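[1] pasted the sequence and its predicted model underneath.
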Amino acid sequence: MKNQVQLITYVDRLGGRRDGNDLVRLKNLLSQPGAPLAGVFGGVHLLPFFHAIDGADAGFDPIDHTQVDPRLGRWADIKSLTEVVDVMADVIVNHMSSESPQFLDYSEKGEASAYAGLFLTLDAVFPQGASERDLLAVYRPRPGLPLTCATLRNGERRILWTTFTAAQIDIAVRHPQGRAYLAGILRTFADHGIRMVRLDAVGYAIKKAGASCFMMPETFDFIGEFAQEARALGIEVLVEIHAYHQRQIDIAARVDWVYDFALPPLVLHAFNFRTATALKRWVGIRPTNALTVLDTHDGIGIIDIGADSVDRAAHPGLVPPQELDELVERIHVASRGESRRATGAAASNLDLYQVNCTFFDAMGRDETAYLLARAIQFFLPGVPQVYYVGLLAGHNDMELLERSQVGRDINRHHYTEAEIAAACRRPVVQRLLDLIRLRNSHPAFNGAFELLASGDTVLHMRWSRELHWAELRIDFAGLAHQLDYSSAEGGRAVFAFS
């Protein structure tokens, strides 16, 4: 993976029209001379572009994981895109759509279906039956049990395992049919130039009677095996897990890449509480094979810096629980109450541990603070990713939220080409693009990283390689700051945040 900033985007929500040419438009936006984002990114994570992109979960419930939604383009367009930037795609390992051909065949034929072993039922996990204690032990990111009582088309009644929604049927990933299904996705990706994959919801992929069914030793084993298959095809693997911070450290030792999901709430904590203590503690222990993010297509994670839900006393969080609660409230205040309308029980299809809000609005639309937050992200070891709404310093899309009643849609705006052009003329976006270019091009970021000693309110980081260097210093007490770096002529240059 290139040590350059990557873009995270939906194909159709960044200048798309859903007319079959959106992938071509995206390639032009990222590479055509004179385009607003030409040459800015070293890679792009394409959020689900499979058939169909507008299911129950914005493409994360694929009907056919090996078919490009024809409203976006074709596999040839994906291959063409990989010729100008590295491309990451999602492997949705935990589930598929209830409208998939495989599940429809199972629904028609029951146990006589060729796909009968592909889908998890309650009996498959609990052949001796499940007690109340067994079911309560299952870790849940959302209210309710991970089960749906369904009547198949052949009249049979089954209790299906559905971790997220009733439209997303969990796959038996250990069954030969499950293995063949996932292997087929990897081969299709490799054949079309994709060299990075993100394992979506992989923490829930393995189920075991009497256990939490989340990030168990067996889950680690599955991740390792899947990563080995991917590497054999020349594909690197990113694991997506929202969990207690120590679990991220443990996972990182066994895979190519993890997300630094603790970073977004810790950055917000530093700005809101005028302290660098918790953030610096994390910088000192975090895995460095990480993709650093401040925003993604999901909400701002809270569980990632909280105490371990299994044993809160023995495994405290990175910030005290009362400050974590207060941080959530401050985000709601900074967003003028908009995030409150999109979070928790206020909207459907929500995780319990996330606040739904654009990162720019979570920071109260303070442009200098927002750019400083991005500078922190870009200075940490790892590969930075910037979500398309965050790239354009986007506001909460309350109209889309009102229409869909899906909380995370507040941060999933559909940008027209005219809106992109207008956003790129805003000073905050222009400075962010300059910051990305500096991160991509300065030799120091391929050298050694240091967290320099400083007071409780100060974050001071430095990169150096031979005669090249770059330093970022922020005092959260009053937001005094400086980013300076070695110039090509051997002198010193200063980045202007405003």
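    Sure thing, it's come through.
[2] please make it C-alpha for all contacts and neighbour counts, starting now.
    Fine.
[3] looks to me like Asp325 is in a helix.
    Yes. Per DSSP: H, G, I helix; E, B strand; the rest coil, Asp325 lies within a helix segment.
[4] OK, contacts around Gly129?
    Asp123 (Cα atoms under 8 Å, 6 or more residues apart in numbering).
[5] can you give me the neighbour number for the closest residue to Asn28 other than its chain neighbours?
    Closest residue to Asn28 apart from its sequence neighbours, by Cα to Cα, 6 or more residues apart in numbering: Ala35 at 7.1 Å. Ala35 has 12 neighbouring residues, counting by other Cα atoms under 10 Å.
[6] Gln32 too?
    Residues near Gln32, counting by other Cα under 10 Å: 15.
[7] any idea of the pLDDT on Ala276?
    Ala276 carries a pLDDT value of 98.
[8] can you name the residues that contact it?
    Per Cα under 8 Å, 6+ apart, neighbours of Ala276: Ala270, Asp456, Thr457, Val458, Leu459, Phe476.
[9] am I right that Ala205 is in contact with Met96?
    No. Applying Cα atoms under 8 Å, one finds Ala205 not in contact with Met96, separated by 12.0 Å.
[10] what touches both of these two?
    With contacts defined as Cα under 8 Å, 6+ apart, the residues adjacent to both Ala205 and Met96 are Asp170, Ile171.
[11] Three-state assignment for Arg140, please.
    Following three-state DSSP, Arg140 is assigned to coil.
[12] now the helix or strand of the chain with the lowest mean pLDDT: buried residues?
    Least confident helix or strand, the chain: helix 245-252 with a mean of 89, by mean pLDDT, DSSP states H and E. Within helix 245-252, the residues scored as buried using 16 or more other Cα atoms under 10 Å are His245, Gln246, Gln248, Ile249, Ile251, Ala252.
[13] which of those residues sits closest to His192?
    Nearest to His192 among the buried residues of helix 245-252: Ala252, at 27.3 Å, using Cα to Cα.
[14] and the residue nearest the centre of this structure?
    Thr296 (4.8 Å; Cα atoms, centre = their mean).
[15] one step back: Met215: which of the buried residues of helix 245-252 is nearest?
    Ile251 (9.1 Å).
[16] contacting residues for that closest one?
    Contacts for Ile251 (Cα under 8 Å, 6+ apart) come out as Phe220, Val258.
[17] for Glu240, see how far away it is.
    10 Å (Cα to Cα, to the nearest Å).
[18] what's the overlap in contacts for these two?
    Residues touching both Ile251 and Glu240 (Cα under 8 Å, 6+ apart) are Val258.
[19] check which residues of stretch 357-375 are buried.
    Within stretch 357-375, judged by 16+ other Cα under 10 Å, the buried ones are 357-365, 367-375.
[20] could you list the low-pLDDT ranges of this protein?
    The model of the chain has pLDDT under 70 over residues 345-352.
[21] hmm, 80 instead?
    In the predicted model of the chain, residues 141, 309-310, 344-353 satisfy pLDDT under 80.
[22] domain parsing of it, as residue ranges.
    Residue ranges for the domains of the chain, per automatic domain parsing: 6-92+176-446, 101-169, 451-494.
[23] for the last one, how far is the first residue from the last?
    Meaning domain 451-494. Start-to-end, domain 451-494 (Cα to Cα) is 20 Å.
[24] and it, how far out from the chain middle?
    How far domain 451-494 lies from its chain's middle: 28 Å, per Cα atoms, centre = their mean, to the nearest Å.
[25] quick revisit: what about the contacts of Ala276, which are in strands?
    With strands taken from DSSP state E, the overlap with those comprises Val458, Leu459.
[26] which of the contacts of Ala276 count as buried?
    The buried subset of the contacts of Ala276 - by 16+ other Cα under 10 Å - is Ala270, Thr457, Val458, Leu459, Phe476.
[27] give the contact list for the first one.
    In other words, Ala270. Ala270 neighbours (Cα under 8 Å, 6+ apart): Ala276, Thr277, Ala278, Leu279, Phe476.
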